[in-house]
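> I would like the atomic coordinates for the input below:
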Amino acid sequence: MATATKGTTKTKTKTKTAGAIRAGNGKYHFRMSKLKKVPAGTGYSTSHGGVVEGARILVGYIHKPRGTGSRMHSHKNEQLNYVLQGTLKGTVNGKRVVAPAGTLIYIPANAPHNLVSTKDEDVIFLAVKDLSQGIIGMAVDGTMTGPHFEKGFGPAAPATKKRAKKRSAAAR
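Numbers count the residues shown, from 1 in each chain. Reported below is the predicted structural model:
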């Protein structure tokens, strides 16, 4: 929860996204790349970044590491993503999307979608959503078991870690 101070009276302002900044009450200017990074898809995506919430809309400056992204998910809020760096690929409502820098992606409310950063470079995009909920939605399969990783980009599998440990021990 954010706290804004005006004179000696403290006004508590809540955000729908944990860790987001609440605009207003004298706060009108934000350096988006310097904001505290918050998860923007806990349970289904690697997306994270600074989020500012106004009275009716939110804006996120979102980072998605290369070769990673979201599993199929949806949310109550309508969303617009403007790609600033890199390329996002995936689907929105069953339609294929390939969005390089300079592209705007429209995601209707409740539309199933997934977006993944290509293997070439990290993606940075501006996410703009209405505040019918915060920035995080829900995986379509109902599980919040983690994000999507392209082949070669995920966390090392347990068996792979064990083999690496054995190789390291044998080398000593």
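
> H75: neighbouring residues, count only.
20 (other C-beta atoms under 10 Å). C-beta coordinates here come from the backbone N, C-alpha and C atoms, glycine included.

> I'd say it and H113 touch.
No: at 9.3 Å, H75 does not count as touching H113 under the criterion of C-beta atoms under 8 Å.

> show me what contacts the closest residue to P155 other than its chain neighbours?
Nearest residue to P155, sequence neighbours excluded (C-beta to C-beta, 6 or more residues apart in numbering): F149, at 7.5 Å. When contacts are counted by C-beta atoms under 8 Å, 6 or more residues apart in numbering, F149 touches 46, 67-68, 155.

> now S74
Counting by C-beta under 8 Å, 6+ apart, S74 has contacts 110-113, 137-138, 140.

> of the residues you listed, grab the buried ones for ChimeraX.
Restricted to buried positions by 16 or more other C-beta atoms under 10 Å, the ChimeraX selection for these reads:
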select :111,113,137
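
> for the contacts of S74, which one is nearest P100?
Closest to P100 out of the contacts of S74 is H113 (17.6 Å), distances taken as C-beta to C-beta.
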